[in-house]
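J.: What follows is a protein structure lacking sequence information:
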């Protein structure tokens, strides 16, 4: 393991805005902060927004700056990446942004029913070969339902045509309410200040002529979610994923 990465892991242990529950603290048991994030972590009852797969935390920090009246939690399992956002939030003196290092599969043990108001999923791996691993698949949407408010929103932002179409078809198949659905976020003239937040890789994709897709929807609808019965053409996202992986190895 690179010396730089070891140093980041060590510093993560000292950052007050980073929470790293052990396997024993979340596996088939409730985490100590479940139902208490607002009171014990943020010291208020403001809405909690969760970013699943936050990477370097750029989006969580950006949203926290735009919406000081909300609390933000960036979730990822890669600590060396998360270190970047955690350090930035600390240096900016942000009290409404924290980071959580754990697997997304453990979220039911970490958040109580109705504790989260919104979920952001920004540029996840589309997992074209395994639907159960897709962060917008029925497996994970059913998990989100267990702690998302009834009127809570889910935001997907992606450059993958495959994941965008898959999610759009899943939402359609389950008759889920959709607020925004566009295959060209920056080309439709959407008047929203969140457009000002662009991650490092998002800027690279835009410079290469890729369009950014965005869907905002809620989980009101049938209890049992179903997968879309449609064949979706796979894209060549792998080249971008491999590029990101190489870059992260260099940086970390």
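T.: Now that the structure is in, tell me what you want to look at. The model shown is predicted, which means the values in this text are computed figures rather than measured ones.
J.: going forward, measure contacts between C-alpha atoms and count neighbours the same way
T.: OK.
J.: what about stretch 205-225, average pLDDT?
T.: Averaged over stretch 205-225, pLDDT sits at 90.
J.: May I have the distance across that stretch, first residue to last?
T.: Length of stretch 205-225, first residue to last, CA to CA, to the nearest Å: 32 Å.
J.: And it, what's buried?
T.: Within stretch 205-225, the residues scored as buried using 16 or more other CA atoms under 10 Å are 211, 212, 213, 214, 215, 216, 217, 218, 219, 220, 225.
J.: So which residues make contact with it?
T.: 138, 141-142, 145, 150-161, 164, 168, 171, 174-186 (CA atoms under 8 Å, 6 or more residues apart in numbering).
J.: In PyMOL, select just the buried ones from those residues.
T.: Per 16+ other CA under 10 Å, the buried members of the contacts of stretch 205-225 correspond to this PyMOL selection:
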select buried, resi 138+141+145+152+153+154+155+156+157+158+159+160+161+164+168+171+174+176+177+178+181+182+183+185
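J.: Helices - which of the contacts of stretch 205-225 land there?
T.: Members of the contacts of stretch 205-225 lying in helices (criterion: DSSP state H): 138, 141, 142, 145, 161, 164, 168, 171.
J.: Next one, pLDDT for the third one please.
T.: Note on residue 142: pLDDT of 96.
J.: Pull the contacting residues for the spatially most central residue of the chain.
T.: Nearest residue to the geometric centre of the chain (CA atoms, centre = their mean): residue 52, 2.5 Å. By CA under 8 Å, 6+ apart, the residues touching residue 52 are 74, 75, 76, 104, 119, 120, 121, 122.
J.: change it to 6 Å
T.: Going by CA atoms under 6 Å, 6 or more residues apart in numbering, residue 52 touches 75, 121.
J.: So for it, what's the pLDDT?
T.: pLDDT, residue 52: 98.
J.: Across the sheet, point out what pairs with it.
T.: Beta bridges link residue 52 to residue 75, residue 121, judged by DSSP bridges.
J.: re earlier: can you tell me which of the buried residues of stretch 205-225 are in strands?
T.: 213, 214, 215, 216, 217, 218 (DSSP state E).
J.: how near is the residue nearest to the fourth one when sequence neighbours are not counted to residue 84?
T.: In space, residue 216 comes closest to residue 155 once its chain neighbours are excluded; the distance is 4.5 Å by CA to CA, 6 or more residues apart in numbering. Using CA to CA, one gets 23 Å for the distance from residue 155 to residue 84.
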